[in-house]
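Okay, predicted coordinates and the sequence, questions at the end:
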Amino acid sequence: MSEEQIKNLEEQFEARILRDDKIEPKDWMPEKYRQTHIRQISQHAHSEIVGMLPEGNWITRAPSLRRKVALLAKVQDEGGHGLYLYSAAETLGISRDEMFDQLHTGKAKYSSIFNYPALTWADMGAIGWLVDGAAIINQVALCGTSYGPYARAMVRICKEESFHQRQGYEIMLKLANGAPEQKDMAQDALNRFWWPSLMMFGPKDDESPHTAQSMKWKLKRKTNDDLRQQFIDQTVPQADILGLTIPDPDLKWNEAKQGYDFGEIDWDEFWQVVKGHGPCNKERMKARVNAWENGAWVRDAAMAYADKKSELKNKQAV
Amino acid sequence: MSDKKNWPLWEVFVRSKNGLEHRHFGSLHAADAEMALENARDVYTRRNEGVSIWVVESKHITASNPEHNGELFEPAQDKVYRHPTFYDLPDEVKHM
């Protein structure tokens, strides 16, 4: 293709995005659009898969059968969400194996929140309430994204996730209204997960290198700071209902902007965790790589069995 | 990455209830058709979304090329006479 032809196609493409046309897998797209989407969708998928680890550890320790079936269903959903997203990324021409390889070698990132440990049962509450709450805000904004397979996956995921947040909030509610020790446990979980949850929306707008391009392609419909503000405004009243205190002395209602002002986020900590120096980065990756490597013989055996069966069928047909 | 054979990709179609058609729900990897059905059950129908599932290996699907959409679909665009509103009838004629 000549440079002029490509330029022409790019112009048509930008016009399609501008009039809210969806882009489907076989449509022509700029290489950068393809690569950016592969990066974002696969990282989103990795986050779902790694996100199963902190909670998976608590399934056998859930305090009742009701809590156990709920947590089990939530973790299973996360596995499913990872699969929807891997499939969406595959439509852009990357293989499942390549994506796993990128995750396991540290080339691809996943949400930093999962590099924090889940120390007590109250953390299951805080994760559902805050982490899933933040994820839902991010994901609802993505339901209208320009790439069709990604948008469709997001719609399914959003539908399924509202129960995740409610089950977490219910855990918090129970603890916050329980014995003083239980309430302390809930407060402690909130203290540890509040700031990392705010970091889930990514760097501030003026320090986010991809924001402008992503907004243009409608890969992002709202900026990091807007989404973070939305999260804080909706979460503070929920903490009040619980009778818990948000661990931010600078948090204050601002009548003029009709939203809360809040304290400075520790961005050094954010970048440390992103770069692999969070409390659990190594542990999480080790668990993933082990699961992948120890499962290799099962994948190979299933394939060998399928091949053998189809050979047998072909022979009988002759 | 090893050079082993990977599980192929399957497309999943689900009928959400009798009386409706199967609709494309997404895709997944599985070693064979039977496993594809079982995985589809777990991945796409965890909340009673279906009463029937079809799976077909993705490589067997032939898709039209969007670059040829002009030749394929434009011929239908100027055939307004295929629609009922093209025909002029007096108002007295009801229910036609």
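Yep, that arrived.

residue ranges of the strands in chain A, please?
A:252-254, A:259-261 (DSSP state E).

Which one, of those, ends up nearest to chain B?
Set against chain B and scored by CB to the nearest CB, the strands of chain A come closest in strand A:259-261, at 34.8 Å. Bear in mind the C-beta positions are built from the backbone N, C-alpha and C, glycine included.

Relative to that closest one, what are the paired strands and their orientations?
Sheet pairing of strand A:259-261 (DSSP bridges) gives strand A:252-254 (antiparallel).

Need the winner for burial among the strands of chain A.
strand A:259-261 (a mean of 15; mean count of other CB atoms under 10 Å in any protein chain shown).

residues in contact with that one?
A:Q229, A:I232, A:D233, A:V236, A:D250, A:L251, A:K252, A:W253, A:N254 (CB atoms under 8 Å, 6 or more residues apart in numbering or on different chains).

on that earlier part again, mean pLDDT for the strands of chain A - can I get that in CSV?
What follows is the strands of chain A, written out as CSV (pLDDT from 0 to 100):
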stretch, mean pLDDT
strand A:252-254, 97
strand A:259-261, 98
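
of all those strands, which lies closest to B:R41?
Closest to B:R41 of these is strand A:259-261 (CB to CB; 44.4 Å).

longest helix anywhere in chain A?
helix A:148-176 (DSSP state H).

and it, what does it pack onto?
helix A:65-90, helix A:122-126, helix A:132-142, helix A:180-199, helix A:224-242 (3 or more CB pairs under 8 Å, 6 or more residues apart in numbering or on different chains; DSSP states H and E).

could you check the angle helix A:132-142 makes with the longest one?
Going back to what we said before, that points to helix A:65-90. Orientation of helix A:65-90 against helix A:132-142 (axes from the mean of the first three to the mean of the last three CA atoms, to 10 degrees) gives an angle of 30 degrees.

for helix A:65-90, packing partners?
Counting contacts by 3+ CB pairs under 8 Å, 6+ apart, helix A:65-90 packs against helix A:31-50, helix A:52-56, helix A:96-104, helix A:148-176, strand B:22-29, helix B:33-44.

Any buried residues in that helix, and which?
A:67, A:70-71, A:73-75, A:77-78, A:80-90 (16 or more other CB atoms under 10 Å in any protein chain shown).

Please list the residues of chain B that sit near chain A.
B:1-2, B:4-7, B:9, B:26-29, B:31-32, B:35, B:42-43, B:46-47, B:63, B:65-67 (CB under 8 Å from any CB of the partner chain).

how does it look with 10 Å?
When proximity is defined by CB under 10 Å from any CB of the partner chain, chain B lies next to chain A at B:1-2, B:4-9, B:11-12, B:24-35, B:39, B:42-44, B:46-47, B:49, B:58, B:63-67, B:69.

Please indicate which of these are buried?
B:7, B:9, B:11-12, B:25-32, B:35, B:39, B:43-44.

Was I right to think A:A62 contacts A:V75?
No. Contact criterion CB atoms under 10 Å: A:A62 and A:V75 do not qualify, at 11.0 Å.

can you confirm B:N6 is in a helix?
No. Per DSSP: H, G, I helix; E, B strand; the rest coil, B:N6 lies outside any helix segment and is coil.

any weak-confidence spans in chain B?
Applying pLDDT under 70 to chain B picks out residues B:1-4.

before we move on, the earlier item: looking at the strands of chain A, which is closest to B:P75?
Of the strands of chain A, nearest to B:P75 by CB to CB is strand A:259-261, at 54.4 Å.

returning to what we had before: please point out which parts of the longest helix of chain A sit buried.
Buried-residue list, helix A:148-176, by 16+ other CB under 10 Å: A:148-158, A:160-161, A:163-165, A:167-176.

Can you tell me which helices and strands the helix or strand of chain A with the lowest mean pLDDT packs against?
When the helices and strands of chain A are compared on mean pLDDT, DSSP states H and E, helix A:211-216 comes out lowest with a mean of 84. Helix A:211-216 sits against helix A:3-18, helix A:31-50, with contacts defined as 3 or more CB pairs under 10 Å, 6 or more residues apart in numbering or on different chains; DSSP states H and E.

Can you say which of the ones you listed is nearest to chain B?
helix A:3-18 (10.2 Å).

tell me what that closest one is packed against?
Against helix A:3-18 (3+ CB pairs under 10 Å, 6+ apart) you get helix A:31-50, helix A:211-216.

ok, now which ones touch A:L92?
A:25, A:29, A:33-38, A:41-42, A:147, A:149-150 (CB atoms under 10 Å, 6 or more residues apart in numbering or on different chains).

ugh, typo on my part, it should be A:I6
A:W28, A:P30, A:E31.

Including distance to A:A302, neighbour count and pLDDT, could these go into TSV?
Below are these laid out as TSV (distance: CB to CB, whole Å; neighbours: other CB atoms under 10 Å in any protein chain shown; pLDDT from 0 to 100):
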residue	distance to A:A302	neighbour count	pLDDT
A:W28	37	15	94
A:P30	38	14	95
A:E31	35	8	95
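
which one is B:L9 nearest to, not counting chain neighbours?
B:S58 (4.3 Å; CB to CB, 6 or more residues apart in numbering or on different chains).

cool, A:G263 as well?
In this structure, A:G263 finds its nearest non-sequential neighbour in A:D250, 3.6 Å apart by CB to CB, 6+ apart.

number of nearby residues for the one you found?
9 (other CB atoms under 10 Å in any protein chain shown).

That one and chain B: what is the separation?
42 Å (CB to the nearest CB, to the nearest Å).

Quick check: that residue touching A:E264?
Yes. Using CB under 10 Å, A:D250 makes contact with A:E264 at a distance of 7.7 Å.

Give the buried residues for the least confident helix or strand of chain A.
Here helix A:211-216 shows A:T211, A:S214 as buried, counting by 16+ other CB under 10 Å.

Show me what that helix is in contact with.
A:14, A:17-18, A:32-33, A:36-37, A:40, A:145-146, A:202-205, A:208, A:219-225.

rerun that using 6 Å as the cut-off
A:D205, A:K220, A:T223 (CB atoms under 6 Å, 6 or more residues apart in numbering or on different chains).

Filter those down to the buried ones, ChimeraX style.
Buried residues within the contacts of helix A:211-216, by 16+ other CB under 10 Å, are selected in ChimeraX with:
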select /A:220,223
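
Closest to chain B out of the contacts of helix A:211-216?
Among the contacts of helix A:211-216, and counting by CB to the nearest CB, the member closest to chain B is A:K220, at 23.2 Å.

That's all I had, so thanks and see you.
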